[in-house]
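> Give the three-dimensional model of this entry:
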Amino acid sequence: MGLSPRFFKLGWGGQSLEILREFIEKNLDMLQSKENTLPWPPAIVQPRWRTIWETRRAVLQEGVFPTPVDDELKELLPPESHMARVRLLMPRSSLRQEMACVLHLAGTGDHGFDMRLKLGGPLLEQGVATMVLESPFYGKRRPVDQKGSRLRYVSDLLALGRTTIEESRSLLHWAREDMGFGKLGICGLSMGGVHASMVGSLHPYPIAVTPLLAPHSAAVAFCEGVLSLTTDWDVLARDTTLSKAFTSRVNVQPTANFASASPPLSSEVRAATDNHTADPIAQGPTPSNFASSVSAKSLNGSIELPAKYSGVEALNQTSERVSSNQGSGSRDSDSGSPEPSSGILNLEDELASEEAASVAVAAVAAGYSLEETRARLQEVLSLTDVTRFPCPEKAEAVILVAATNDAYIPQHSVERLQKAWPGMEVRWVVGGHVSSYLLHSKAFRQAIVDSLSRI
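Residues are numbered from 1 along each chain as shown. Okay, the predicted model is just below:
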């Protein structure tokens with residue numbers, strides 16, 4: 001069996017990366033000006049809606065709309081990403097002005113809607129609607145020649161981020177002006193948390209911002225965390241088309257732990273980034289299993305909705321399996337054992353072993369050395385640094401939930417954002433990146449509710 005494709009297998013992205021650099025740096029310059037924000041309102045969107053299912057007290061709808069990004073950015077997207085998809089799960093018993101709506105953004109590998117709808121579903125009983133945006137390059141918006149969530153070019157990662165931000169701003173404007181929701185929030189897991197932080201920073205009104213297991217920059221995940229094991233360093237080293245605008249600022253810092261040899265991917269690593277597996281984190285729903293679950297179930301006796309969106313089915317089963325191993329060191333009330341001994345929850349251990357087995361090798365015969373390549377990728381991905389964005393309107397309404405043993409997101413990354421945005425709150429749960437999602441969903445929901453209460 002051949003090696004699984006890696007992130008950025010086709011290189012930096014050539015002219016596309018340069019266009020994105022100019023676009024992003026122009027926006028960052030605007031943020032550092034007197035206005036300290038981007039123009040508002042954003043591009044207007046009017047989603048076309050259809051009902052997926054409804055019960056007496058809840059309804060799930062899907063909307064589609066053309067991506068509102070400008071033509072230059074749109075040309076950098078695959079045709080499959082030109083049409084955006086969003087799903088909206090709402091209670092039917094509340095007035096809109098008394099309701100809150102939280103937009104959930106996707107993390108790496110989240111190709112569908114189910115994972116985030118399960119997280120937001122139990123909040124229906126508290127009058128909180130959940131809106132879920134499908135990311136460009138993901139799900140039905142994924143280019144046909146992209147394997148899972150492994151983006152082909154570095155420029156694709158920047159295009160994904162900029163498009164997600166613009167679509168999110170437009171959806172939040174629609175939720176406020178057209179739907180009349182009383183409060184708005186935005187959250188996201190991992191990569192989605194980075195984008196959520198940026199969108200919250202750009203919003204002109206107080207908004208609840210809840211990044212979950214998120215770094216301050218994509219550079220941390222792809223250059224320091226275990227995602228560095230899935231990056232095609234050899235291809236990036238040989239691709240010398242990277243603009244001098246990036247390379248002139250590069251400061252090479254040798255790193256002993258850098259996985260420079262691009263080792264073969266284990267099945268666990270592939271599962272974390274490929275939606276063609278049984279991994280519950282990476283695999284999105286298929287059209288057949290997503291819309292067919294219509295048997296109603298009472299959630300705490302109040303909201304009726306399909307069991308898969310109650311948020312208590314699969315996650316509680318996972319918690320029950322590990323409840324016998326619970327320790328006393330948890331920092332929140334929703335914690336079980338943070339490190340179960342088998343399956344996807346043991347992902348960090350597998351990745352740590354693989355990283356330990358990687359050793360530095362000689363420089364590539366032609367092109368950059370591997371340490372230079374890593375430094376160049378860090379420089380490019382500094383464009384995703386949230387600390388370059390202004391603090392949101394209400395810093396106290398920003399609650400970041402981080403994990404104590406996160407192999408993807410080092411602690412210093414969390415502390416860096418906290419320092420840049422004084423007044424925000426950081427909460428810690430015990431566990432790794434994947435296990436924390438499975439075991440601490442209650443803590444995530446509480447953070448969302450608390451963020452909303454502060455605006």
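> Only C-alpha atoms from now on, for both contacts and neighbour counts.
Fine.
> Please put the alpha-carbon coordinates of stretch 153-161 into CSV.
Taking C-alpha atoms only, stretch 153-161 is exported to CSV below (Å, rounded to 0.1, in the frame of the first residue of the first chain):
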residue,chain,number,x,y,z
TYR,A,153,-1.1,23.9,-1.9
VAL,A,154,-0.1,26.2,1.0
SER,A,155,-2.1,28.9,-0.7
ASP,A,156,-5.2,26.7,-0.3
LEU,A,157,-5.0,27.1,3.4
LEU,A,158,-4.9,30.9,3.2
ALA,A,159,-7.7,30.9,0.6
LEU,A,160,-9.8,28.7,2.9
GLY,A,161,-9.3,31.0,5.8
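> what about that stretch, average pLDDT?
Average pLDDT, stretch 153-161: 98.
> now stretch 65-72
On average, stretch 65-72 scores 97.
> What separates the first and last residues of that stretch, distance-wise?
18 Å (CA to CA, to the nearest Å).
> Buried residues, it. List them.
Buried residues in stretch 65-72, counted by 16 or more other CA atoms under 10 Å: 65, 67, 68, 69.
> just for the stretch 101-250 of the chain, where's the confidence low?
243-250 (pLDDT under 70).
> Go again with 80.
When residues are selected by pLDDT under 80, those of the stretch 101-250 of the chain lie in 242-250.
> And the stretch 301-450 of the chain, by the same measure?
In the stretch 301-450 of the chain (pLDDT under 80), the answer is 301-367.
> Which parts of it are helices?
Assigned by DSSP state H, counting those that start in this stretch, the helices in the stretch 301-450 of the chain fall at 314-322, 347-357, 370-381, 411-420, 433-439, 441-453.
> got the buried residues for the fourth one?
What it means is helix 411-420. Result for helix 411-420 [16+ other CA under 10 Å]: buried residues 414, 417, 418, 420.
> go on, the last one?
Buried residues in helix 441-453, counting neighbours by 16+ other CA under 10 Å, are found at 441, 442, 443, 444, 445, 447, 448, 449, 450, 451, 452.
> contacting residues for the residue nearest the centre of the chain?
The structure's the chain has its C-alpha centroid closest to residue 192; by CA atoms, centre = their mean the separation is 2.0 Å. Residue 192 sits next to 104, 105, 106, 107, 108, 211, 214 when contact means CA atoms under 8 Å, 6 or more residues apart in numbering.
> Report the secondary structure state of the last one.
Under the three-state scheme (DSSP: H, G, I helix; E, B strand; the rest coil), the conformation of residue 214 reads as coil.
> quick one: contacts for it?
188, 189, 190, 191, 192, 193, 194, 400, 401, 402, 409, 414.
> So which of the residues you listed is the closest to residue 221?
residue 409 (6.3 Å; CA to CA).
> Please list all residues in contact with the nearest residue to the closest one once chain neighbours are set aside.
Spatial nearest neighbour of residue 409, excluding adjacent residues (CA to CA, 6 or more residues apart in numbering): residue 215 at 5.7 Å. Going by CA under 8 Å, 6+ apart, residue 215 touches 190, 191, 193, 194, 221, 409, 410, 413, 414.
> Columns distance to residue 59 on top of those residues, output as TSV?
Below are the contacts of residue 215 laid out as TSV (distance: CA to CA, whole Å):
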residue	distance to residue 59
190	28
191	28
193	26
194	29
221	36
409	35
410	39
413	38
414	36
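> which residue packs closest to residue 61, ignoring adjacent ones?
residue 51 is the one closest to residue 61 (CA to CA, 6+ apart), at 4.3 Å.
> swap in residue 410?
Per CA to CA, 6+ apart, closest to residue 410 is residue 225, 7.2 Å.
> I figured the one you found was touching residue 408, is that so?
Yes - because the distance of 4.3 Å satisfies CA atoms under 8 Å, residue 225 is recorded as touching residue 408.
> who's more crowded, the two?
residue 408 (25 against 21; other CA atoms under 10 Å).
> List the contacts of that one.
Residue 408 neighbours (CA under 8 Å, 6+ apart): 220, 221, 224, 225, 226, 227, 433.
> which among those residues end up buried?
Here, 16+ other CA under 10 Å leaves 220, 221, 224, 225, 226, 227, 433 buried among these.
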